[in-house]
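In: Attaching a predicted model along with its sequence, questions to come.
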Amino acid sequence: MELDRASRELESNRSQLSARSNEIGKLIGKKIGGGCDPKGEEIAQLKNEGNEIKIKLSKLEPQEKALKAKIEALLLELPNLPDDSTPLGKSEDDNVEIKRWGDEYIPDNQNILPHWEIGEKLGILDFKRAVKVAQSRFVNLVGAGAALERALISFMLDTQIDAGYTEVMPPVLINSDSLQGTSQLPKFAEDSFKCSNDDLWLTPTAEVPITNLYRDEILEDTELPIRHCAYTPCFRREAGSAGRDTRGLIRLHQFNKVELVKVVVPETSEAEHQTLVENAEAILRALKLPYRILELCTGDIGFGAAKCYDLEVWLPSAGMYREISSCSNCRDFQARRADIRFKQAGKKGTQYVHTLNGSGLAVGRTMAAILENYQQPDGTIKVPDVLQPYLKREVL
RNA sequence: GGAGAGGUGGCCGAGUGGUCGAAGGCGCAGCACUGGAAAUGCUGUAACGGGGUGACCCGUUCGAGGGUUCGAAUCCCUCCCUCUCCGCCA
């Protein structure tokens, strides 16, 4: 706050000086244009005054700049303010479960194999060779595994396109400005992969390239709401998660995701958030995968979100629900960083948009859920009805 | 990656140190003409930020950032992007 006050003072000071400086520049121009001797007394005097102002300005400008940079850096470190309705809490233990669906689909088979075991048995998941080619926490999908992944992606996209989203296929290598725009930078640099020779990063989520499509733009209110869905691979270093979920598809460095992103006017963002969650839920329901919805508490909510719902799918082998989608309303937080505004017809000035994003869904985790929930006693996997047209088979 | 040419308002395009935020055209808006329209004529028309009820006023912006200068769209440096040719390549 103090910094801000100082900065404003400097700014008004500087602005007055540059006004006078502009004036002098113009005056000299006029006099010379009007036939005045460029080397004469009058001009020399003006030049002098101009020089003095210049000296003052040269002192003020760096001060102002340094201050603004300092403020900027401080602000970039600040997380979004949670919405008033976001439950208070310290950790994920304080998240509030608000819905449970599909209990009747929870398999009672006691002999369910974890998805990585069944996957390797069926020859559709190959972790070993993926490690050779890359590192641990990578997977190679083989045959029906690759086809299932592709079917899921197509099914998810088709469903969301029907729900009114426009598909995009953005770059997955993105620059630092983009990561800053959606608030992955500066705080989470350690969590992303960076190219060593270029200012490019592997995108950790399609939220970044999609939201940044509109960075530094002033949209017409008639263009809003913008609703995009996209399939992209996502890349995360998973720094700090050593030892957690080291087996299977749950926590990989590279995974596929279908993402939903909305750019909306502030008045509708709450309602758009609700439908975003419903759109993500629709996939789980269509696949008949049991899930629950948590409303994240203040202690667990992400850096950029004001309000966030997590969808968690039932994983029988673990005997627990695991996150499969996270649906956030960032309000104007990202819009301010990325400078995404809109103009209302007939109204003066501009306003910040609200941005929302959610997974619809994480594809690898969906595959894991299917491999476990759809296991049959004979060790085969029944293909969910809605995927059969894509896979052209009923059993894996 | 190499060589060259560029990046100016909603669009095209002029402008190589000074009354330039920027000629001209297109587009758009208003008015006139018309029964109505087209054509034509006249007038107006950049954005963003800040201030004022308002007419307006101030600041910033000619790809971005720095420099030279009293003064930069114009000169110098760095970077980004686009186009042409060559090279390389899925």
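Out: Sure, I can see it. Numbering: from 1, shown residues only, chains lettered A, B, ... in the order given.

In: The closest residue to RNA strand B within the stretch 201-350 of chain A: how many residues sit nearby?
Out: Distances between the stretch 201-350 of chain A and RNA strand B by CB to the nearest atom of the strand are smallest at A:Thr350, namely 3.9 Å. Just so you know, the C-beta spots here come from the backbone N, C-alpha and C atoms, and that holds for glycine as well. As a burial measure, A:Thr350 scores 13 neighbours (other CB atoms under 10 Å).

In: Quick check, it in contact with A:Glu220.
Out: No - at 10.8 Å, A:Thr350 does not count as touching A:Glu220 under the criterion of CB atoms under 8 Å.

In: For A:Ile218, grab phi and psi.
Out: Phi and psi for A:Ile218, reported as degrees, to the nearest 10, are phi -110, psi 110.

In: nearest residue to it other than its sequence neighbours?
Out: Among residues not flanking A:Ile218 along the chain, A:Arg341 sits closest, at 4.9 Å (CB to CB, 6 or more residues apart in numbering).

In: cool, A:Arg215 as well?
Out: Distances taken as CB to CB, 6+ apart place A:Ala338 nearest to A:Arg215, at 4.2 Å, with adjacent residues excluded.

In: how long is stretch A:136-153 from one end to the other?
Out: 24 Å (CA to CA, to the nearest Å).

In: and what of stretch A:239-246?
Out: Stretch A:239-246 has an end-to-end distance of 13 Å (CA to CA).

In: cool, and stretch A:262-276?
Out: End-to-end for stretch A:262-276, by CA to CA: 8 Å.

In: A:Thr380 contacts A:Val395, correct?
Out: Yes - the criterion here is CB under 8 Å, and A:Thr380 meets it with A:Val395 at 5.0 Å.

In: Now do the strands in the stretch 51-200 of chain A.
Out: Counting by DSSP state E, counting those that start in this stretch, the stretch 51-200 of chain A has strands at residues A:96-101, A:125-126, A:140-141, A:166-168, A:173-174.

In: if I look at the residue nearest to A:Ala147 when sequence neighbours are not counted, how far off is A:Asp378?
Out: Using CB to CB, 6+ apart and skipping residues adjacent in sequence, the residue nearest A:Ala147 is A:Leu391, 5.9 Å away. From A:Leu391 over to A:Asp378 the distance is 19 Å, taken as CB to CB, to the nearest Å.

In: what do you get for A:Gly240?
Out: 41 Å.

In: Between the two ends of stretch A:101-113, what distance do you get?
Out: Across stretch A:101-113, the terminal residues are separated by 23 Å (CA to CA).

In: which SS class is A:Leu311?
Out: Put simply, A:Leu311 is strand when judged by DSSP: H, G, I helix; E, B strand; the rest coil.

In: got the contact list for A:Phe303?
Out: A:Pro79, A:Asn80, A:Ser183, A:Lys187, A:Phe188 (CB atoms under 8 Å, 6 or more residues apart in numbering).

In: Buried subset of those residues as a PyMOL selection?
Out: Command for PyMOL that selects the buried part of these, burial taken from 16 or more other CB atoms under 10 Å:
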select buried, chain A and resi 80+183+188
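
In: Kindly reformat the contacts of A:Phe303 as JSON lines containing pLDDT and distance to A:Ile153.
Out: Below are those laid out as JSON lines (pLDDT from 0 to 100; distance: CB to CB, whole Å):
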{"residue": "A:Pro79", "pLDDT": "87", "distance to A:Ile153": "32"}
{"residue": "A:Asn80", "pLDDT": "90", "distance to A:Ile153": "30"}
{"residue": "A:Ser183", "pLDDT": "88", "distance to A:Ile153": "27"}
{"residue": "A:Lys187", "pLDDT": "82", "distance to A:Ile153": "30"}
{"residue": "A:Phe188", "pLDDT": "84", "distance to A:Ile153": "26"}
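
In: need the helices for the stretch 1-150 of chain A, in chain order.
Out: A:2-33, A:41-77, A:115-121, A:127-133, A:144-162 (DSSP state H, counting those that start in this stretch).

In: could you dump those to TSV with distance to A:Gly319?
Out: Listed next are the helices of the stretch 1-150 of chain A as TSV, based on distance: least, CB to CB, whole Å:
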stretch	distance to A:Gly319
helix A:2-33	51
helix A:41-77	39
helix A:115-121	14
helix A:127-133	22
helix A:144-162	24
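
In: Cool, thanks, signing off.
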